[in-house]
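Visitor: Next one to model:
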Amino acid sequence: MIFRQLYDATSSTYTYLLADEHSREALLIDPVFEQQQRDLALLDELGLTLKLVVDTHAHADHITAAWLLKQKTGCTIASAAVINAEHVDLPLQHGQHFGVQGIDLQARATPGHTDGCMSYVLADQSMVFTGDTLLIRGCGRSDFQQGNASTLYRSITEQLFSLPDSCAVYPAHDYHGRTRSSIGEEKQYNARVGGGANETDFVGYMQAMQLPHPKKIDEAVPANLRSGCPEDGQLPPQANWADLRITFAGVPEVEPEWLIHNQPSVTLLDVRQPEEVIDGECPSALQPLHIPLDQLRQRIADVPADKPIIALCRSGRRSAMAVSILQEQGLERVASLRGGLLRLNQ
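Guide: Numbers count the residues shown, from 1 in each chain. The predicted structure is shown next:
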């Protein structure tokens, strides 16, 4: 199985990518709206097809990317049936098995943080994705959005602590940089529900907590009840000056074919050293401007700003750095030529 744990620093949210190595089918758990380009880039670079997006609950701290990813890829959306969210193709019931080819998950209803919380257990019970129900050494709060501490206690102890001690715990959030735990660890060391705590212990702890209201709850919850679809039902605006591809590293790129068909509407910036440049290696129509990468910051005034800029080098690596430098200087319509001259001259 291909597995990746991704992180959104703004909301401290983990998104999980699971994919089958043979079918190349993938699913995402708890994707974040603002991170959809990152997630799509990773899928593309790994050669995966997104078939399913699933949320663990209706989040109060971020907006899901489920609807947006469906528009981009045609994937299916799943979440707990009790949430009754719009645009959901697969409303999940407790005990239901679901997934993609080669990846089998079981949905377990684990309410208490919200009524619609679900945890997803890999078929061999080696991994569980617990949403906000069980966190590393903690758990989700129970003081809003249908929260109930007694219900949460039973969800954790009956549905999650019944899994093997070796089962790896992957939560929806962590605010201290911790990435995973295990059922055995949490049963013993969880600060709220571990170490033999009973329901009275747990409820007393939870009721004594005084936490600030989630900052995005008024925006996030209604949006998540629409599976992340904006109120106007429109896709967010995207750069329209080029057919851009954003890499997993965050670099905007264009394909050589796009560049060839869109000259002379762009400035082609060659950032190689002078001794690397060979007459005739670029199509004559491209006519690049040559500024070595190590001189670019000092010669930024020599770069025309009236047209989009496509940076070029041998392999596309130095040109990616050139894009970063250009962006630092406030230039927005910039991209690297994907694969550089190696790809252009294939």
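
Visitor: all helices in this protein, in order from the N-terminus.
Guide: All helices of the chain, identified by DSSP state H, fall at 36-46, 66-73, 149-154, 183-189, 199-208, 217-224, 256-262, 317-328, 340-344.

Visitor: Go through the shortest one and flag the buried ones.
Guide: Right, the one you point to is helix 340-344. Neighbour-count burial for helix 340-344 flags Gly340, Leu341, Leu344 (criterion: 16 or more other Cβ atoms under 10 Å). C-beta coordinates here come from the backbone N, C-alpha and C atoms, glycine included.

Visitor: Now flag whichever of those residues is closest to Lys215.
Guide: Lowest distance from Lys215 to the buried residues of helix 340-344 (Cβ to Cβ) belongs to Gly340, with 42.7 Å.

Visitor: show me what contacts that closest one?
Guide: Neighbouring residues of Gly340 by Cβ atoms under 8 Å, 6 or more residues apart in numbering: Leu312, Cys313, Arg314, Ser315, Gly316, Arg317, Ser319.

Visitor: switch the cut-off to 10 Å
Guide: Residues in contact with Gly340, defined by Cβ atoms under 10 Å, 6 or more residues apart in numbering, are 256, 270-272, 311-320.

Visitor: Can you report how many residues lie near the nearest residue in space to Glu45 that is not next to it in sequence?
Guide: If the residues on either side of it in the chain are set aside, Glu45 comes closest to Phe248, at 5.3 Å by Cβ to Cβ, 6 or more residues apart in numbering. Using other Cβ atoms under 10 Å, Phe248 has 17 neighbouring residues.

Visitor: thought Phe248 was touching Leu43?
Guide: Yes - at 9.1 Å, Phe248 and Leu43 qualify as touching, with contact defined as Cβ atoms under 10 Å.

Visitor: which neighbours do these two share?
Guide: Residues touching both Phe248 and Leu43 by Cβ under 10 Å, 6+ apart: Arg4.

Visitor: quick one on the thing from earlier: distance check, the residue nearest to Glu45 against Cys229.
Guide: 25 Å (Cβ to Cβ, to the nearest Å).

Visitor: residue ranges for the strands of the stretch 1-150 of the chain, please.
Guide: Counting by DSSP state E, counting those that start in this stretch, the stretch 1-150 of the chain has these strands, from start to end: 2-8, 13-19, 25-29, 49-54, 76-80, 90-92, 97-100, 103-109, 118-122, 127-131, 134-135, 138-139.

Visitor: can you list the domains in the chain?
Guide: If you go by automatic domain parsing, the domain ranges for the chain are 2-224, 245-344.

Visitor: Which of the ones you listed has the lowest mean pLDDT?
Guide: Ranked by mean pLDDT, the domains of the chain bottom out at domain 245-344, with a mean of 93.

Visitor: and that one, how far apart are its ends?
Guide: Across domain 245-344, the terminal residues are separated by 16 Å (Cα to Cα, to the nearest Å).

Visitor: now it: how far from the chain's centre is it?
Guide: 28 Å (Cα atoms, centre = their mean, to the nearest Å).

Visitor: Look up how far Leu268 lies from the residue of the chain most remote from its centre.
Guide: Relative to the mean C-alpha coordinate of the chain, counting by Cα atoms, centre = their mean, the farthest residue is Asp279 (43.4 Å). According to Cβ to Cβ, Asp279 and Leu268 sit 16 Å apart.

Visitor: go on, His57?
Guide: The gap separating His57 from Leu268 is 48 Å, by Cβ to Cβ.

Visitor: The two: who's more crowded?
Guide: Taking other Cβ under 10 Å, His57 and Leu268 do not tie; His57 has more neighbours (27 against 20).

Visitor: was I right about that one contacting Asp132?
Guide: Yes - counting by Cβ under 10 Å, Asp132 is a contact partner of His57 at 6.4 Å.

Visitor: between these two, what contacts are shared?
Guide: Here His57 and Asp132 share the contacting residues Asp30, Thr110, His113, Thr114, Cys117, Ser119, Gly140, Ala172, scored by Cβ under 10 Å, 6+ apart.

Visitor: Can you add neighbour count and give the residues you listed back as a markdown table?
Guide: As requested, the shared contacts of His57 and Asp132 are exported to a markdown table (neighbours: other Cβ atoms under 10 Å):
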| residue | neighbour count |
| --- | --- |
| Asp30 | 28 |
| Thr110 | 31 |
| His113 | 30 |
| Thr114 | 29 |
| Cys117 | 30 |
| Ser119 | 28 |
| Gly140 | 27 |
| Ala172 | 29 |
